[in-house]
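Asker: Coordinates only, no sequence provided:
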């Protein structure tokens, strides 16, 4: 079982009578030594939680295990929100801003007409919102709708919104 993407990972490799073996390593460039912080907490008499973050805490994973199960959680974008609860799993958006309430964070939701694809119809809506304080078109949540928001729309053009841990595709 492996956690994370280009981040520190934990791998449950088995257990003996009274021991668990967990290997922690970095996925990515082999020339870099592993650099991470890990904490271990006993959460029940037979259950443990290992929380792992790289040195700058941009990537975080968690491995929970007991005598009968192993569960995995990760935060691939490093925004402090677990991926299965994150409305924008690949782009950091700690505030989880979702002004249209569709389960996709504004930072990864340039689908302004909510048809599950970002296309020319969304660009037309964006054009009308440019220079205003339209909350749905303000993808970066900074001030007014401007060129920074256009860059976000352009990078997602032709794609669906997301991904979001709140939706399954």
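Answerer: Perfect, thanks for sending it. As the structure is a computational prediction, the values presented were derived from the model and not from experiment.

Asker: need the strands for this protein, in chain order.
Answerer: Listed in chain order, the strands of the chain (DSSP state E) span 8-15, 20-26, 36-44, 47-54, 60-66, 70-75.

Asker: Report how many residues lie close to residue 117.
Answerer: When neighbours are counted by other CB atoms under 10 Å, residue 117 registers 15. Glycine gets a C-beta too; all of them are placed from N, C-alpha and C.

Asker: Surely it and residue 159 touch.
Answerer: Yes - between residue 117 and residue 159 there is a contact at 7.5 Å, judged by CB atoms under 8 Å.

Asker: Could you list the low-pLDDT ranges of the chain?
Answerer: Where the chain drops to pLDDT under 70, the residues are 1-43, 45-72, 168-169.

Asker: Run through the helices of it in chain order.
Answerer: 120-129, 147-156 (DSSP state H).

Asker: Pull out the buried residues from the first one.
Answerer: This means helix 120-129. In terms of neighbour count (16 or more other CB atoms under 10 Å), helix 120-129 has its buried residues at 122, 125-126, 129.

Asker: cool, and the last one?
Answerer: By neighbour count, with 16+ other CB under 10 Å as the criterion, the buried positions of helix 147-156 are 149-150, 152-153, 156.

Asker: And that helix, what does it pack against?
Answerer: Applying 3 or more CB pairs under 8 Å, 6 or more residues apart in numbering; DSSP states H and E, one finds that helix 147-156 contacts helix 120-129.

Asker: Show me what the helix it packs on is packed against.
Answerer: Applying 3+ CB pairs under 8 Å, 6+ apart, we find helix 120-129 packed against helix 147-156.

Asker: Next, the angle helix 120-129 makes with the helix it packs on.
Answerer: Using axes from the mean of the first three to the mean of the last three CA atoms, to 10 degrees, the direction of helix 147-156 lies 180 degrees away from that of helix 120-129.

Asker: Show residues contacting helix 147-156.
Answerer: 107-108, 110, 118, 122-123, 126, 130, 137-140, 142 (CB atoms under 8 Å, 6 or more residues apart in numbering).

Asker: residue contacts, the residue nearest to residue 132 when sequence neighbours are not counted?
Answerer: Excluding its sequence neighbours, the residue lying closest to residue 132 (CB to CB, 6 or more residues apart in numbering) is residue 145, at 5.6 Å. Applying CB under 8 Å, 6+ apart, we find residue 145 in contact with 126, 129-134, 137-138.
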